[in-house]
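A.B. asks: take a look and give me a structure for this.
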Amino acid sequence: MNRMNIVAVVALAGAQGLASAQVRFDAIGGLGDAYSGSGANAVSADGRAVVGGTDVPGCRYCGGVPFVWTVEYGLLLLDESLYGGPATGLSTDHAFIVGTIGSIHDSLPPCDEAYIWSAGAIMRFGVYTDANGVSDDGSVIVGGNSVPERWTGATGWREMGPIDGAFVVGGGALGVTPDGGTVVGRAIWQREGEYHIDGFVWTGGSGMRALPKFSVDQIGAAYAVSRGGGAIVGTVGTFNAPRAVRWVGEQTVEYLGQLPNQPPSWARGVSDDGEVIVGMYGGYPQQRVFIWDRRRGIRDLQNELVDEYGLDLSGWTLQSAHGVSANGRVIVGTGRAPLNRVRAWRVDLGWDCAADTTHDGVVDSHDFYAYLSRFFAGHADFNTDGVTNSQDFFDFMTAFFAGC
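C.D. replies: Okay, here's the model as predicted:
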């Protein structure tokens, strides 16, 4: 199928359908007394599982016991003995969960220790390790106690530097693609006596590369990467005023936009197609959550939930977002609940329509052209069979004309 034939199809695309939007909001955790807290750190690709940390009876302000929460079963504590060890990442099917605990050993001062959970069993990696993300098969874990590191069963923990040929002296790996092949994070590196702090991307074939900034005196960090590695999100700016950005193709960096009380802002999660980004903006205690998409730009998430979706969030302030599902419709984070309690939260925006490419609740020509752009870029695996080909286009058109 050539470009002219595909573009001709748009002449038939006059019909417009409205996507259904049944919003669901869940408060998660906080199992101790009325003042106990919880926080959400990541969400599964299907949006049905959330991981983080929660206080439990007898453990208030202890740093949180790791949990997994699912739509089907609610809250499950991974191991109540893992005080100070909230879960930080999980695989697509949430079969593997990773995190970092503050360990105390007889002969050592308190220090970090990474762990991985699977099928009820926990493997701990020893002191001076951190885990922030895991591949779908559990074979790759990324983190780093003092510098960016990557773990595999064959190699153990290995430093990921150098970066562009320079020596890495600090930082950490913060995100990984489901196949474990692309890693992003923050690197502190030195060249000719000067120190730099940059977001980075690492692949097995090319090693670690610094992501671009707007000027050499800025600092950066990359927090998340889309499934195919084509979109990376994070911050670029100064220590006191970082600003949320997205990198496309590792070469182009762009600010996501401006909101009240901004900067600072941080982009912390990205959908599989790179079209939906979530994060937070504003200084504490006025910090709030934003959502961004290509068509509508950056908006305050709580305002949108109340004003456009009619959700009652009385007594709540959504303060941080740490992840978004593959389709961009489920967002998780932490906020202030009624009575000023710190609570993990999950919101499902209800965009349950495969052809709504732009995630704006409407199926129209904008969705067609957005999908077309991805198709020619080779990132349009609509039927999720692992490849982008003409069948994906035909499947998309079937969904497009069916509407929502």
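A.B. asks: point out where the stretch 251-400 of the chain drops to low pLDDT.
C.D. replies: 261, 351-352, 359-361, 379, 381, 383-387 (pLDDT under 70).
A.B. asks: quick check: pLDDT value at V127.
C.D. replies: We note a pLDDT of 85 for V127 in this prediction.
A.B. asks: tell me what the closest residue to it other than its chain neighbours is bridged to.
C.D. replies: Counting by C-beta to C-beta, 6 or more residues apart in numbering, V127 lies nearest to C111, which is 4.7 Å off, once chain neighbours are set aside. (Each C-beta comes from the backbone N, C-alpha and C, glycine too.) Beta bridges link C111 to S103, judged by DSSP bridges.
A.B. asks: strands of the stretch 1-150 of the chain, residue ranges please.
C.D. replies: For the stretch 1-150 of the chain, applying DSSP state E, counting those that start in this stretch gives strands covering 17-18, 24-28, 38-43, 49-54, 65-70, 74-77, 87-90, 97-105, 108-118, 121-127, 131-134, 140-143, 149-152.
A.B. asks: is I163 in contact with S206, as I believe?
C.D. replies: No - assessed by C-beta atoms under 8 Å, I163 is found out of contact with S206, at 11.2 Å.
A.B. asks: Three-state assignment for D273, please.
C.D. replies: Assigned with DSSP: H, G, I helix; E, B strand; the rest coil, D273 falls in the coil class.
A.B. asks: tell me how many other residues crowd it.
C.D. replies: By other C-beta atoms under 10 Å, 23 other residues sit near D273.
A.B. asks: look up how far N327 lies from it.
C.D. replies: D273 sits 8 Å away from N327, going by C-beta to C-beta, to the nearest Å.
A.B. asks: may I have the secondary structure class of the residue nearest the centre of the chain?
C.D. replies: Geometric centre of the chain, nearest residue: G269, 2.8 Å, by C-alpha atoms, centre = their mean. The local conformation at G269, judged by three-state DSSP, is strand.
A.B. asks: over to A399?
C.D. replies: Counting by three-state DSSP, the backbone at A399 sits in helix.
A.B. asks: could you dump stretch 83-98 to CSV, C-alpha only?
C.D. replies: What follows is stretch 83-98 as a C-alpha-only set of coordinates in CSV (Å, rounded to 0.1, in the frame of the first residue of the first chain):
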residue,chain,number,x,y,z
TYR,A,83,10.0,-1.6,55.8
GLY,A,84,11.2,1.4,53.8
GLY,A,85,11.0,-0.5,50.6
PRO,A,86,8.3,0.8,48.3
ALA,A,87,8.0,-0.9,44.9
THR,A,88,9.2,1.3,42.1
GLY,A,89,8.6,-0.7,38.8
LEU,A,90,6.8,-3.6,37.3
SER,A,91,6.6,-5.6,34.1
THR,A,92,3.8,-5.3,31.6
ASP,A,93,1.8,-8.2,33.1
HIS,A,94,2.9,-7.3,36.7
ALA,A,95,4.5,-10.7,37.1
PHE,A,96,7.8,-9.0,38.1
ILE,A,97,8.0,-6.1,40.6
VAL,A,98,11.1,-4.3,41.7
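A.B. asks: do I have it right that W292 meets Y255?
C.D. replies: No - using C-beta under 8 Å, W292 makes no contact with Y255, being 10.3 Å away.
A.B. asks: any shared contact partners between those two?
C.D. replies: By the contact definition C-beta atoms under 8 Å, 6 or more residues apart in numbering, W292 and Y255 are jointly contacted by A244.
A.B. asks: comparing these two, which residue is more hemmed in?
C.D. replies: W292 (22 against 16).
A.B. asks: separation between the more buried one and R246?
C.D. replies: Separation of W292 from R246 (C-beta to C-beta): 8 Å.
A.B. asks: find residues that contact each of those two.
C.D. replies: Applying C-beta under 8 Å, 6+ apart, one finds that W292 and R246 are jointly contacted by L256, A267, I277.
A.B. asks: pretty sure the first one sits against A244.
C.D. replies: Yes - counting by C-beta under 8 Å, L256 does reach A244; the two are 4.6 Å apart.
A.B. asks: now list whatever residues contact both of these two.
C.D. replies: Residues within reach of L256 and of A244 at once, by C-beta under 8 Å, 6+ apart, are S265, A267, I277, G279, F290, W292, I298.
A.B. asks: what domains does the record give for the protein?
C.D. replies: Listed by automatic domain parsing, the domain ranges of the chain are 1-20+355-404, 25-354.
A.B. asks: deepest-packed of those, please.
C.D. replies: Most buried of those, by mean neighbour count (mean count of other C-beta atoms under 10 Å): domain 25-354, with a mean of 19.
A.B. asks: how far does it sit from the chain's center?
C.D. replies: Centre-to-centre, domain 25-354 and its host chain are 5 Å apart (C-alpha atoms, centre = their mean, to the nearest Å).
A.B. asks: please renumber the chain so that the first residue is 7 from this point on.
C.D. replies: I'll keep to 7 as the first residue from here, and by that count the last item is domain 31-360.
A.B. asks: compute the first-to-last residue distance for that domain.
C.D. replies: For domain 31-360, the first-to-last residue distance is 22 Å (C-alpha to C-alpha, to the nearest Å).
A.B. asks: before we move on, what about stretch 290-299?
C.D. replies: Start and end residues of stretch 290-299 are separated by 25 Å (C-alpha to C-alpha).
A.B. asks: hang on, isn't the residue nearest to the centre of the chain packed against A332?
C.D. replies: No - under the criterion of C-beta under 8 Å, G275 is not in contact with A332, lying 10.8 Å apart.
A.B. asks: returning to what we had before: among the strands of the stretch 7-156 of the chain, which is nearest Q325?
C.D. replies: For Q325, the closest of the strands of the stretch 7-156 of the chain is strand 44-49, at 10.1 Å, according to C-beta to C-beta.
A.B. asks: what's in contact with the host helix or strand of G177?
C.D. replies: Using DSSP states H and E, G177 maps to strand 173-182. Applying C-beta under 8 Å, 6+ apart, the contact partners of strand 173-182 are 95, 136, 138-141, 146, 148-156, 165-168, 188-197, 201, 203, 206, 208, 214, 227-231.
A.B. asks: for it, which strands pair with it and how are they oriented?
C.D. replies: Using DSSP bridges, strand 173-182 pairs in its sheet with strand 188-197 (antiparallel).
A.B. asks: okay, and G341 sits in which element?
C.D. replies: Assigned by DSSP H and E, G341 belongs to strand 336-343.
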